[in-house]
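Participant: I would like to see how this sequence folds:
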Amino acid sequence: MSSKIVNIRDFQQKSTEVFFSKEELNQLLSIYGIRIATGEWCDYAIEQRNGIIAFSVFKNAFDAPAYTVAKCNKPPRSGSGKFLLLSGPEKIIQTDDITEIYDFFKPEAKANFISLVK
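Facilitator: Presented below is the predicted three-dimensional model:
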């Protein structure tokens, strides 16, 4: 009888947890801080489950999120890119480069988006 050495990690289930990096979270909190100072936002929440982490911001503590930035383990079926920016149920941006989402919150980009919606 021969024996074989195996690595137990080869048989363990791979983690589906995903996290914001320190830099990503710092940038999100920086944007949040600016919007708090202007009175546009009042609260935030971070939620993690099923291979997704989401950072949501609220205009009012009793409302649904104004925006949600989500990072996914793998891109959702409906597009490519592991980062999503949502406004309610509407997908605004889906990308592999989170700086595109940061750029959305620059004052000039926000003015352009509002003019498109109207």
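Participant: where along the chain do the strands fall?
Facilitator: 43-49, 52-58, 67-72, 83-87, 90-95 (DSSP state E).
Participant: mind checking the longest helix of this structure?
Facilitator: Longest helix in the chain by number of residues (criterion: DSSP state H): helix 22-37.
Participant: Packing partners of it?
Facilitator: Secondary-structure packing of helix 22-37 (3 or more C-beta pairs under 8 Å, 6 or more residues apart in numbering; DSSP states H and E): strand 52-58. C-beta: built from backbone N, CA, C; applies to glycine.
Participant: Neighbouring strands - and their directions - for the strand it packs on?
Facilitator: strand 43-49 (antiparallel), strand 67-72 (antiparallel) (DSSP bridges).
Participant: which stretch among those comes nearest residue 82?
Facilitator: Evaluated over the strands paired with strand 52-58, closeness to residue 82 peaks at strand 67-72, with 4.9 Å, by C-beta to C-beta.
Participant: how much does that closest one deviate in direction from strand 90-95?
Facilitator: Here strand 67-72 runs at an angle of 40 degrees relative to strand 90-95 (axes from the mean of the first three to the mean of the last three C-alpha atoms, to 10 degrees).
Participant: any residues touching strand 67-72, and which ones?
Facilitator: 18-20, 24, 28, 51-57, 82-87, 98, 101 (C-beta atoms under 8 Å, 6 or more residues apart in numbering).
Participant: Likewise for stretch 47-58?
Facilitator: Under C-beta under 8 Å, 6+ apart, the answer for stretch 47-58 is 16-20, 25, 28, 32, 35, 41-46, 64-74.
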